[in-house]
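**Student:** The following block contains a protein sequence and its predicted model.
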2 protein chains.
Amino acid sequence: MSDTFVVVGGDAAGMSAASKAKREDPSCDVIVFEKGKWVSYAACGMPYYVKGEVDELDDLVAVTPEEFREERDIDLRTAAEVVDIDREARTVTVKTSKGTEEQPYDDLLIATGASAIEPPFDGLGHEGVFTIHDMDEADAIEDYVTGRDPETAAIVGGGYVGIEMAEALSTRGVDVHLYEMLPHVLQPFGEAVAEVVEDHLREQGVDLHLETAVSGFGGDDRVGTVELEDETVPADVAIVGVGVAPNTDLAERAGIELGPTGAIATDEYGRTNDRHVYAAGDCAEATNVVTGEPDHVPLALTANRAGRAIGQTVTGDPTPTGGTAGTAIVKAFELGAARTGIVDEDQAREAGFDPVSVTISASTRAHYYPDGAELTVTLVADRESGRLLGGTVVGREGAKRIDTVATALTSGMTVSELQNTDLAYAPPFSPVWDPILTAAKVLNGKLE
Amino acid sequence: MSDTFVVVGGDAAGMSAASKAKREDPSCDVIVFEKGKWVSYAACGMPYYVKGEVDELDDLVAVTPEEFREERDIDLRTAAEVVDIDREARTVTVKTSKGTEEQPYDDLLIATGASAIEPPFDGLGHEGVFTIHDMDEADAIEDYVTGRDPETAAIVGGGYVGIEMAEALSTRGVDVHLYEMLPHVLQPFGEAVAEVVEDHLREQGVDLHLETAVSGFGGDDRVGTVELEDETVPADVAIVGVGVAPNTDLAERAGIELGPTGAIATDEYGRTNDRHVYAAGDCAEATNVVTGEPDHVPLALTANRAGRAIGQTVTGDPTPTGGTAGTAIVKAFELGAARTGIVDEDQAREAGFDPVSVTISASTRAHYYPDGAELTVTLVADRESGRLLGGTVVGREGAKRIDTVATALTSGMTVSELQNTDLAYAPPFSPVWDPILTAAKVLNGKLE
């Protein structure tokens, strides 16, 4: 058991670990170093701040620094950057405005998160070009949009951030161009979802440029254009959301091993190759519950849960961090799109399965009941075992039904078992056969 | 394999079986006898017809008799009542307007459904007193409400039918009194749900009379009052919805055994004590996936699924009917309420478990995201094994999240496994910890 538990990074994983450790063992000294000023904030909420649905940036903060300090008795230090780990001495070196100090630890959690990837674009430093990787950046975007009243936006990257920012800026009255290098947006969601989302984005007035590489931004100091291979398009504001990379520098310098994904390798308790050093959240790997392999899924629930488990482990109650199914959901204007596990046959083959899959569309409510929406469901299974490997859903309502698929695959259900699961039916909520069951029924037919 | 497959009853279980058998083996003669005129109709939709959200009663018919006959090549005979089964000779006696005939079978499915229980009330035969057990009755209620413009309605029974009809009649401008003998409405949903629903019913202007027994209806031929123990209350229309009983007369007369619930006993393939006689739907038992015991859950999905499986079995592909988790969902004005498995500690103890349970309330969306609703979640588990036994949810949105609980308990998950399941999070759809996960987390804490 830890007498001094030191946490590097004050967001989801870090603060969950700190809070849980202190609650489990009030005698444990829990010290958190956060290099910025924001802690425990909902990065996922930032697009809704820019959109105008969240009034204050502070609303995205779940627990304030004062609450952590006063109510939870956590020694939280903001504007304090851990620059070095001495694993032999079990100390970290911390840099603050006042200088540098050493802090001993019994157990250490590295929860340094991830950063937005900055592609080698010309003009990335122009005023009006943003990534959206932290609260200050979200604030800056909102300021810029309010102050400059841009006519046209260039969004680079059709992932979560790109789609959510397209909605946000479009709602603010900006004419949005979305550039995606790949043939489809939302690559991790598979083609069936992408096609529905793409149609919807176009319906909503987004100018979608698929298979289109951006090389940079033009303008004098301030962005004025986006540069494509053979075209220059006006852009008064630009958002670059081409993915995130785990922040592993500190760990690597201390000899902490990375895994195959490039994030920090961890065991089932979140331990690194040093038994006194843990890693969790966007900087760390987690075990994929479908493949059993290390995966890097930088999402909030995985971070929170792993942090919480590590807080238990370091205070004497060894608790597995739980795996990840890579479950994700995203709002695209009026649509919800969601994924879990393995979402297409190519992915399944790469993971060593012999895949069978189906895509069906069905109403979210009884056919005669008002306001039902079409839900498109894809399920993927392994032919030999019949095991469910994953799936996707997309539609104007019902995207959270992905949770049924996530639960089924986490428990190792076969498609036949899922088909026989007693899901809830009443006309306002579902057809007799929920769309997930219909998909399972059709897929089971293909498996027989 | 069946050359002649005879089905008694043309609704969910019967028509699912007939359709599946014919699809699997087009050479099989599939004959369905239905004593009424309606087949394959959504009884669950009837309240919404009365409410005015479904325009035509015909809209509730999923597949018409003509489609069954012409497109599916099923020999469907309506207004044809099976009055006797001769198991020795393998024939049924069928009564139609033209007389009586014998029909041989190789396999027989009894899908005679259930009927509304008619309590021994005075004045039950008065004009304006209805049960809502079939389409003609739904039609009659709608006619009566439209023609008589009742000011006050007495609804007897606070189950699905009572709650849904309260909403329907209230929406039609009728002043609704709901009478329930028990201390709470929606008894199968447990107290946590009932309390939320009761508050909401009152908010919506329903006059709720709990622990109040009705003894009958007064009036001259036409209902004018409802009679309580020590009070007489005006009522211009009355709906009696105090439950349903399986239609087992035909089966019993033929020596088909009933189970402990009073419905027809079946094995995992839906077979009765006669290997050529199957039973499915509201007249039959199904195996409860939590207790492993026979259960009588007269709901549409169980009926459809069992019918379909029997259609496969009789055409040479033995297929288990699947169990039931007793999953159910009901709309009560603006609320959704849902249940699955075992919903409270008393029930769990009766089934031989050592129960632990929690009830929590949490938002359906991120705290800062607009229009989230409070969802109240109850989960019940077995202390020793940690196994999830069931749960309920109730709220203005998110009631379908019960499917996550249903899937988890069907697969035999422990609470800890559910807590570690990777459910979908994004601010518009869920807090980081979905309310189901929060409940699992709290319950897991009590189990440790």
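**Tutor:** Received the coordinates, thanks.

**Student:** burial of A:E231, as a residue count?
**Tutor:** Number of residues near A:E231 (other C-beta atoms under 10 Å in any protein chain shown) recorded here: 10. Glycine gets a C-beta too; all of them are placed from N, C-alpha and C.

**Student:** Not counting its neighbours along the chain, what's nearest whichever residue of the stretch 101-250 of chain A sits closest to chain B?
**Tutor:** Residue of the stretch 101-250 of chain A nearest chain B, by C-beta to the nearest C-beta: A:Y160 (7.9 Å). The shortest distance from A:Y160 to any non-neighbouring residue, by C-beta to C-beta, 6 or more residues apart in numbering or on different chains, is to A:V330 (5.1 Å).

**Student:** Can you show me the strands along the stretch 101-250 of chain A?
**Tutor:** Along the stretch 101-250 of chain A, counting by DSSP state E, counting those that start in this stretch, strands occupy A:107-110, A:114-116, A:129-130, A:152-156, A:175-179, A:207-209, A:214-218, A:225-228, A:232-234, A:237-240, A:244-246.

**Student:** ok, now which ones touch the residue of the stretch 101-250 of chain A closest to chain B?
**Tutor:** Contact analysis of A:Y160 by C-beta atoms under 8 Å, 6 or more residues apart in numbering or on different chains lists A:L186, A:G241, A:A328, A:V330, B:A426.

**Student:** A:A138: which of those residues is nearest?
**Tutor:** Nearest to A:A138 among those is A:G241, at 12.2 Å by C-beta to C-beta.

**Student:** was I right about the closest one contacting A:V161?
**Tutor:** Yes. Under the criterion of C-beta atoms under 8 Å, A:G241 makes contact with A:V161 at 3.2 Å.

**Student:** From A:I141, how far off is A:P150?
**Tutor:** Distance check for A:P150 against A:I141: by C-beta to C-beta, to the nearest Å, it reads 10 Å.

**Student:** just A:G390 next, same as before
**Tutor:** 33 Å.

**Student:** do A:T327 as well
**Tutor:** Noted for A:T327: a distance of 28 Å to A:I141, by C-beta to C-beta.

**Student:** And these two? Which one has more around it.
**Tutor:** Counted by other C-beta under 10 Å, A:T327 and A:I141 do not tie: A:T327 has more neighbours, with 27 against 23.

**Student:** shouldn't the more buried one be in contact with A:A408?
**Tutor:** No. Counting by C-beta under 8 Å, A:T327 sits too far from A:A408 to count as a contact (11.7 Å).

**Student:** ok, back up a step: could I get the pLDDT score of the residue nearest to A:Y160?
**Tutor:** Reported pLDDT at A:V330 in the predicted model: 98.

**Student:** Before we go further, it is sitting in a strand, right?
**Tutor:** Yes. Counting by DSSP: H, G, I helix; E, B strand; the rest coil, A:V330 is found in a strand.

**Student:** burial count for it?
**Tutor:** 27.

**Student:** Tell me how far it lies from B:G219.
**Tutor:** Distance from A:V330 to B:G219, by C-beta to C-beta: 59 Å.

**Student:** and for A:G241 and A:V161, which residues touch both?
**Tutor:** Each of A:I132 lies in contact with both A:G241 and A:V161 under the rule C-beta under 8 Å, 6+ apart.

**Student:** follow-up on the earlier one: in contact with the residue nearest to A:Y160, which residues are there?
**Tutor:** A:Y160, A:I163, A:E164, A:L186, A:F189, A:G336, A:A337, A:A338, B:A426.

**Student:** same thing with A:L169?
**Tutor:** By C-beta under 8 Å, 6+ apart, the contact list for A:L169 reads A:V50, A:V145, A:A153, A:I155, A:V176, A:V237, A:I239.

**Student:** now do 6 Å
**Tutor:** Going by C-beta atoms under 6 Å, 6 or more residues apart in numbering or on different chains, A:L169 touches A:A153, A:V176.
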